[in-house]
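**Q** Sequence first, predicted coordinates after that:
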Number of protein chains: 2
Amino acid sequence: MKVHVHVSLKPGVLDPQGRAIHHALEGLGFGGVNDVRAGRLIELDVSDDTSDDDLDQMCRKLLANMVIENYSIEKKVDA
Amino acid sequence: MKVHVHVSLKPGVLDPQGRAIHHALEGLGFGGVNDVRAGRLIELDVSDDTSDDDLDQMCRKLLANMVIENYSIEKKVDA
């Protein structure tokens, strides 16, 4: 089973990486960009009997820093 | 308009970060993890008249390294 975990900074947390990307986009001439936030995407390939609770614990214990980051778990259905 | 850009390493490209995460998950006692790939998630807030072509160019010129990375663009519909 493919699982995508999206980790992004909580609103209000300063994001220098996102700001640098925003600045670089403007430098390249792309107007109309209001905001950029940088986060992480972690693609897991886990066995089908992995429970939602296990996935949640993986995020809380390792993948995301719950003090400053949010995460969302998205299960990919195999085509 | 909110746009999510997912950047991930192409298949076959070595991913030391993903391997470290995989190793750490096993160390924490999470079995059943077959593979882990680490990538980036970039959340853009762009004006509504930004064209698909512009978004594509942003990815090709700045956000992704086309030699080793793939990207996908996902437009978020405001609720």
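**A** Right, received. Where do you want to start? Residues are numbered from 1 along each chain as shown, chains lettered A, B, ... in the order given.
**Q** Confirm that residue A:22 sits in a helix.
**A** Yes: checked against DSSP: H, G, I helix; E, B strand; the rest coil, residue A:22 lies within a helix.
**Q** Mind listing the residues bridging to the nearest residue to residue A:59 once chain neighbours are set aside?
**A** Excluding the flanking residues, the one nearest residue A:59 by Cβ to Cβ, 6 or more residues apart in numbering or on different chains is residue A:71, at 4.6 Å. Quick note: C-beta positions are derived from backbone N, CA and C, even for glycine. Judged by DSSP bridges, the bridge partners of residue A:71 are residue A:7.
**Q** gap between the two ends of stretch A:59-75?
**A** In stretch A:59-75, first residue to last residue: 14 Å (Cα to Cα, to the nearest Å).
**Q** Give the buried residues for that stretch.
**A** By neighbour count on 16 or more other Cβ atoms under 10 Å in any protein chain shown, the buried set for stretch A:59-75 is A:59, A:63, A:64, A:69, A:71, A:73.
**Q** for stretch A:34-42, same thing?
**A** Buried, per 16+ other Cβ under 10 Å, within stretch A:34-42: A:36, A:37, A:38, A:39, A:40, A:41, A:42.
**Q** Please name every helix or strand in contact with the strand ranked longest in chain A.
**A** If you go by DSSP state E, chain A has its longest strand at strand A:33-46. Judged by 3 or more Cβ pairs under 8 Å, 6 or more residues apart in numbering or on different chains; DSSP states H and E, strand A:33-46 is in contact with strand A:2-9, helix A:16-27, helix A:52-58, strand B:2-9, helix B:16-27, strand B:33-46.
**Q** For those, give me a markdown table that also has mean pLDDT and distance to residue B:52.
**A** Supplementary listing: those in a markdown table, determined by pLDDT from 0 to 100; distance: least, Cβ to Cβ, whole Å:
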| stretch | mean pLDDT | distance to residue B:52 |
| --- | --- | --- |
| strand A:2-9 | 96 | 22 |
| helix A:16-27 | 97 | 16 |
| helix A:52-58 | 95 | 33 |
| strand B:2-9 | 96 | 10 |
| helix B:16-27 | 97 | 30 |
| strand B:33-46 | 97 | 11 |
